[in-house]
Structures are given as structure tokens and as C-alpha cells.
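S.K.: After the sequence you'll find the predicted model.
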Amino acid sequence: MAASPRAFWRDEPLSWSDLERALSSHGLERLLRSKAVQQAYEAHLERLAGSWRSAADFVLHSELGYAAEHDRETALLRAVPPLAPPPPVFVLNGFPYHVAEGIEHHLLWSAAGPLAEEEVVELLEQHRPSSTWETLRFVNPPKLQSIKAIWHTHVLSRRRGV
């Protein structure tokens, strides 16, 4: 595998104030993984390409609980939609942005499409109660989305008082 171009990873972790500035100034392109995490992500995508029809199919199966079956044409695994979309899930990002210690990077996935603001707030309150956690959240613009087929929002959080 060829090494990632330097523009796709960062050396220094982002502080909470760096994250706040990036979100307030529409600087989401500054949110990058560390070199090691970026390389692990690329290796993961290569492994998926050999067995899954798409990364989205893998996420639907692994995170949202869809069944999987082999596609008759390609023999690759694909996600099988359930009769009704599953509820949204809040999961730790396996390939997080390079953030300072004490900051966590989660994803809120929804197979049913974009969630209403009230739903997002309610789900975050369940997983990251505002009495204990500070959160920042955003949906990447299409040009920065790695999984375009499934709506998701990034959630960065840290315990209050840190």
C-alpha cells in the first residue's frame, strides 16, 4: 500500500479550542486522523474491498445490525435491509480524528436518514449527559464524507471540568 499523502493526516492532536475554532470557522478539513490511524483506516478499507460490496454495507451490518448475504453477481457481502430501519446508534469511532487526550470521537449513525435536531439532542443526552459532558457535533459536507450512503454525525466530547 502506498503511503498516505501528508495532507490526509496530522502530527499534532487537536485541542478542544482547536476543534471549536474548526467548527465555528467551517474549517472541517483541518480535522484529520493521526498518521497511524489513517494508515490503519486505509488498510481496513483495503480488507473490506476484498469481501464487502462497499464500506457502507459493512457499516450497515457491523454498526446498525443489518443481516449480510453474498451478492449473487459479485460474491461480495452486502447488507440486507430489515423490514423497518433500526434505531440510530451511538458508537465510538474506530478511526477517530487526532484529538487531545481526554477527548472522545463518536459517531451517531442513522439508517433512516437525517435525524431531527430534537432526536439528536435526546440521543446525545442519553449517551453524553450535558450535566457531565461537553459536546461538539457536526455533519461533514459531502466532499469530506467517507460514508455518504448513511447519514451520520460526528460527536466530539470531553468530561466537564477538564
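M.R.: Thanks, I have the structure now.
S.K.: Could you double-check that S110 sits in contact with W151?
M.R.: Yes - using Cβ atoms under 8 Å, S110 makes contact with W151 at a distance of 4.8 Å. For every residue, glycine as well, the C-beta is placed using N, CA and C.
S.K.: Of these two, which one has the most company?
M.R.: Neighbour tally, S110 and W151, criterion other Cβ atoms under 10 Å: the higher count belongs to S110, 20 against 17.
S.K.: ok, and the closest non-adjacent residue to P142?
M.R.: Spatially, and ignoring its direct neighbours in sequence, P142 is nearest to K148 (6.4 Å; Cβ to Cβ, 6 or more residues apart in numbering).
S.K.: can you tell me which residues contact P141?
M.R.: L28 (Cβ atoms under 8 Å, 6 or more residues apart in numbering).
S.K.: Touching, N140 and L28? I think so.
M.R.: Yes - taking contacts as Cβ under 8 Å, N140 lies within contact range of L28: 6.0 Å.
S.K.: Counting neighbours, what do you get for the residue nearest to P142?
M.R.: If you count neighbours by other Cβ under 10 Å, K148 ends up with 12.
S.K.: What strand or helix carries it?
M.R.: Take DSSP states H and E as the rule and K148 turns out to sit in neither a helix nor a strand.
S.K.: Now do the buried residues in stretch 19-30.
M.R.: Within stretch 19-30, the residues that qualify as buried are 19, 22-23, 28, counting by 16 or more other Cβ atoms under 10 Å.
S.K.: start to end distance for that stretch?
M.R.: Using Cα to Cα, to the nearest Å, one end of stretch 19-30 lies 9 Å from the other.
S.K.: contacting residues around the closest residue in space to L31 that isn't next to it in sequence?
M.R.: The spatial neighbour of L31 that comes closest, neighbours along the chain excluded (Cβ to Cβ, 6+ apart), is Y97 at 4.7 Å. Residues near Y97 by Cβ under 8 Å, 6+ apart: 14, 31-33, 105, 154, 156.
S.K.: wait, which of the residues you listed is closest to W133?
M.R.: L156 (10.2 Å; Cβ to Cβ).
S.K.: ok, that closest one to D18 distance?
M.R.: L156 sits 11 Å away from D18, going by Cβ to Cβ, to the nearest Å.
S.K.: for this protein, what are the low-confidence residue spans?
M.R.: 1-7 (pLDDT under 70).
S.K.: Kindly recompute the last result at 80.
M.R.: By pLDDT under 80, the low-scoring segments of the chain are 1-8, 162.
S.K.: Quick check, central residue of it?
M.R.: The centroid of the chain falls nearest to L107 when counting by Cα atoms, centre = their mean (4.5 Å).
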